[in-house]
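Participant: Quick one, structure for this:
(2 chains, ligands or ions: 3)
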Amino acid sequence: MATVKNWQIGREMEYPFPESRPQRQFAAVFDLNKCIGCQTCTMACKTTWTVGKGQEYMQWNNVETKPYGAYPMGWDVRILDKLGPQRWQGQTYVGKTVFEAAPQGEKVLGYLPEELDWTHSNAGEDEAAQSLDRGAYETMPVHRHWFFYLPRICMHCTYPACLAACPRQAIYKRAEDGIVLVDQARCRGYRECVKACPYEKAFYNPVLRISQKCIGCYPAVEQGIQPRCVTTCIGKIRLMGFLSKPDEVRAERPLDFLVYVRKVALPLYPQLGLEGNVYYIPPVHVPREFLRQMFGPGTDQAIETYLKGKDDPELLGLLHLFGDTKEIVESFKAFPATGEAAGYDRKGREIVRVPFREPNYLRPFYDAARQVYRHNIS
Amino acid sequence: MRRARRLLLTLLLLVVALGPGLAGAQQKTLRARFIRSAIPADPGWRGWRLAPAIEVQLGPQVMAEPWQLTPSITRLTVKAVHNGTWVAFLLAWKDATRNAAMQTDTFRDAVALMVPVGRAASITMGAPKERVLILHWKADWQEDVDKGFQDVAQLYPHAWLDWYPFAPGEPPYDVRGWTNPEARRYLTGWVLGNPRSQPDKRTSVEEQVAEGYGTLTTNERQSAVGKGVYTNGEWRVVIARPFAAGDPNDPAWGPGKTVPVAFAAWDGGAGEIGGRKSLSDWVAVRLSPAGR
Ligand code: SF4
Ligand code: SF4
Ligand code: SF4
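Facilitator: Numbering: from 1, shown residues only, chains lettered A, B, ... in the order given. Ligands and ions are numbered 1, 2, ... in the order given. Below you'll find the predicted structure:
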């Protein structure tokens, strides 16, 4: 065991390998306020990467409805239950990570989902946290009857549990972009990774008898293109980019800005200790208690910052760059004077420019030329 | 503190694990008789009846994580014969369940034997420059050989999918017929030559080499054959290989020699796979001189 720094839990922790951060880290931010649960991302990944034999049940990208949905069944409650009650002290997690809580003779605390857990991947869809009584009404911004969609992909963790658990070192994290891959020639289908990944994002292919997982769309990323599940997102909730090391923050980098500077995007279950690299903007209508257990102590500040976003041109501008280009935005700039935001590629070339506010057009209710009434006049 | 406790427990367990194995190795030698006939890779072969047997104790695997502290299979009955060119082992053990499928949450039964490539090697699956040859029989490979490749239709008889990109033929699209590269694009392990993913299995035994934990590699040449049969709650598995296969990884064995051999077993029903196994210490195998 080595001692490594995990900034998401505000302390050092034990991990089987020494700290070795990649030159650039694949990362993404998902804005949960905007996800409409359309599963276009799921289909994009599915039709691109998992239409093969033995992949029938696999969804490297899945979207589940919280609080009741989970793919595989109950992945979150099961790992949290195994870990038992743990505590944060301020910004520091004083409980145990899945590495520190590993039983004797194991590298990681985990479990192997049963086959049935993988079926009904969208069970619990659109189920609200509680049923509506007669005369029910909603409160704002936090709703009394709530649910939200949680889209999930592999986090390409800084401290991957899948990699830690593989006794054959068949899993590796690429130095050039931090993408975590399973060597398909070296894997022997032991499923230690499936057991170990607390997010259950390592899958076993029963026909090829080896494990497979999200490849971060590396053939696209290598060409400066964002992944399939990001570029196809209907709700424009996603932005993929690179995240700097926590001590080399560059505010002009979209991911750095959202994660380190404004801190509106938070890790998912940071207490597990993997330092995952998919970050979430928490949904503002969900009770804070639920969000805090999911996203950690940064939740309240993140929501406050997000709600004030309309008065923060940089944040506002950057949020508008989500889903507006398929290229990876390496840096961005907001122009409050013109009400625009622009994104730039690695060479500093402008690749996208969007207005903060779409122009508004009003049309008459009755269209005399076509002799029809309009449903929508703006 | 935690580390120290862990180390202490490891040492204790090592003593427990190696204790009976070491004693066994000192006491017991397996005699592999010379026979004149060919040796069929068949556990039901009559010749096995005349071969002397020994009981080999298997203990927990607590040397490399993940451990198997409470292994399922604690003893094997082992016999061996040779005909001057081939050596064959018969391994038998009780197992309440026959596990031959590798579905998402199931594991297969397996058994293996390990021989140093040079004169001796560490019991820890060898060590750098102390290579071992490992002959690993797997119940799922046996199923592939006996019944044809275990494709989706075999693993999940009630599953139905009407389309795979570029797949030739018709549902359920037997993967053995996927000869076109477009269809094979999704069969990563097969395309990359991972033996696990090959639909065309010729043997149920994988020949592997290792130089310590985590270094297990499929041997470039595959010369071993085998067959496992499960009846009345017992697996009987034959593993056979030529002494000399013209392979740089041929062990220093042959007629008239005594070689150390170690054994390991996996109970798929108990989730055993990889390092989650039970294993023996070295057992001396005395190979009779040819002609006697
Ligand atoms: S999310 Fe799971 S599968 Fe992905 S890198 Fe982290 S531990 Fe591995
Ligand atoms: S990054 Fe690519 S491989 Fe990973 S979930 Fe998204 S589409 Fe699938
Ligand atoms: S495509 Fe976007 S909006 Fe639709 S479910 Fe996926 S993440 Fe949500």
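
Participant: so what's the backbone phi/psi at the residue sitting nearest the centre point of chain A?
Facilitator: Nearest to the geometric centre of chain A sits A:Val278, at 3.6 Å (Cα atoms, centre = their mean). When read as degrees, to the nearest 10, the backbone of A:Val278 gives phi -110, psi 120.

Participant: list the contacts for residue 225?
Facilitator: I went with chain A, as the question did not name one. Contact partners of A:Ile225, counting by Cβ atoms under 8 Å, 6 or more residues apart in numbering or on different chains, are A:217, A:231, A:326-328. The C-beta positions use only the backbone N, C-alpha and C, and glycine is treated the same way.

Participant: Switch to chain B, please.
Facilitator: B:Val225 neighbours (Cβ under 8 Å, 6+ apart): B:41, B:203, B:205, B:239-241.

Participant: ok, whichever residue of the stretch 1-150 of chain A sits closest to ligand 1 - how many residues close by?
Facilitator: Nearest to ligand 1, among the residues of the stretch 1-150 of chain A, is A:Val108, at 8.8 Å (Cβ to the nearest ligand atom). Number of residues near A:Val108 (other Cβ atoms under 10 Å in any protein chain shown) recorded here: 29.

Participant: That one sits in which helix or strand?
Facilitator: Using DSSP states H and E, A:Val108 is not contained in any helix or strand.

Participant: how about the closest residue to it other than its chain neighbours, what does it touch?
Facilitator: Once flanking residues are discounted, A:Val108 sits nearest to A:Ala196: 4.0 Å by Cβ to Cβ, 6 or more residues apart in numbering or on different chains. A:Ala196 makes contact with A:98, A:107-108, A:110, A:161-162, A:164-165, A:202, according to Cβ under 8 Å, 6+ apart.

Participant: again with B:Leu287
Facilitator: With Cβ under 8 Å, 6+ apart, B:Leu287 has these contacts: B:32, B:34, B:80, B:82, B:87, B:253-259.

Participant: what about the nearest residue to it once chain neighbours are set aside, which SS state?
Facilitator: Spatial nearest neighbour of B:Leu287, excluding adjacent residues (Cβ to Cβ, 6+ apart): B:Ala32 at 4.8 Å. Judged by DSSP: H, G, I helix; E, B strand; the rest coil, the three-state class of B:Ala32 is strand.

Participant: so B:Ala32 sits right up against B:Ser288, yeah?
Facilitator: Yes. Counting by Cβ atoms under 8 Å, B:Ser288 is a contact partner of B:Ala32 at 6.5 Å.

Participant: Could I get the full set of strands for chain B?
Facilitator: B:29-34, B:53-57, B:59-60, B:75-82, B:86-94, B:110-116, B:132-138, B:205-210, B:217-218, B:225-231, B:234-242, B:258-266, B:278-279, B:283-287 (DSSP state E).

Participant: residues near B:Val175, how many?
Facilitator: 24.

Participant: And the one 4 residues further on, by the same measure?
Facilitator: Using other Cβ under 10 Å, B:Thr179 has 8 neighbouring residues.

Participant: and the gap between the residue lying closest to it once chain neighbours are set aside and ligand 2?
Facilitator: Counting by Cβ to Cβ, 6+ apart, B:Thr179 lies nearest to B:Pro168, which is 7.3 Å off, once chain neighbours are set aside. Look at B:Pro168 and ligand 2: by Cβ to the nearest ligand atom, to the nearest Å, they are 26 Å apart.

Participant: Correct me if wrong: B:Pro168 contacts B:Gly177.
Facilitator: Yes. Using Cβ under 8 Å, B:Pro168 is in contact with B:Gly177, at 5.7 Å.

Participant: Could I get the contacting residues of the closest residue to ligand 3 within the stretch 101-250 of chain B?
Facilitator: Proximity of the stretch 101-250 of chain B to ligand 3 (Cβ to the nearest ligand atom) peaks at B:Pro165, 21.8 Å away. B:Pro165 makes contacts with A:51, B:182-183, B:185-186, as judged by Cβ under 8 Å, 6+ apart.

Participant: Could you list the contact residues of chain A toward ligand 1?
Facilitator: Counting by Cβ under 6 Å from any ligand atom, the residues of chain A close to ligand 1 are A:154-157, A:160-162, A:180, A:197, A:199, A:201-202, A:213, A:274, A:276.

Participant: Next one: the residue of the stretch 101-250 of chain B closest to ligand 3 relative to B:Leu90, how far apart?
Facilitator: 46 Å (Cβ to Cβ, to the nearest Å).

Participant: hey, what's the residue nearest in space to the middle of chain B bridged with?
Facilitator: With distances taken as Cα atoms, centre = their mean, the residue of chain B nearest its centroid is B:His136 (1.9 Å). Applying DSSP bridges to B:His136 gives these bridge partners: B:Ala112, B:Glu206.

Participant: Now do the same for it: its pLDDT.
Facilitator: We have a pLDDT of 98 for B:His136.

Participant: Might one say that it is in contact with B:Arg108?
Facilitator: No. In this structure B:His136 lies outside contact range of B:Arg108 using Cβ under 8 Å: 11.2 Å.

Participant: Can you add neighbour count and pLDDT and give the contacts of B:Leu287 back as JSON lines?
Facilitator: As requested, the contacts of B:Leu287 are exported to JSON lines (neighbours: other Cβ atoms under 10 Å in any protein chain shown; pLDDT from 0 to 100):
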{"residue": "B:Ala32", "neighbour count": "26", "pLDDT": "97"}
{"residue": "B:Phe34", "neighbour count": "16", "pLDDT": "96"}
{"residue": "B:Ala80", "neighbour count": "26", "pLDDT": "98"}
{"residue": "B:His82", "neighbour count": "24", "pLDDT": "97"}
{"residue": "B:Val87", "neighbour count": "25", "pLDDT": "98"}
{"residue": "B:Trp253", "neighbour count": "22", "pLDDT": "97"}
{"residue": "B:Gly254", "neighbour count": "17", "pLDDT": "97"}
{"residue": "B:Pro255", "neighbour count": "18", "pLDDT": "98"}
{"residue": "B:Gly256", "neighbour count": "12", "pLDDT": "97"}
{"residue": "B:Lys257", "neighbour count": "15", "pLDDT": "97"}
{"residue": "B:Thr258", "neighbour count": "13", "pLDDT": "97"}
{"residue": "B:Val259", "neighbour count": "21", "pLDDT": "97"}
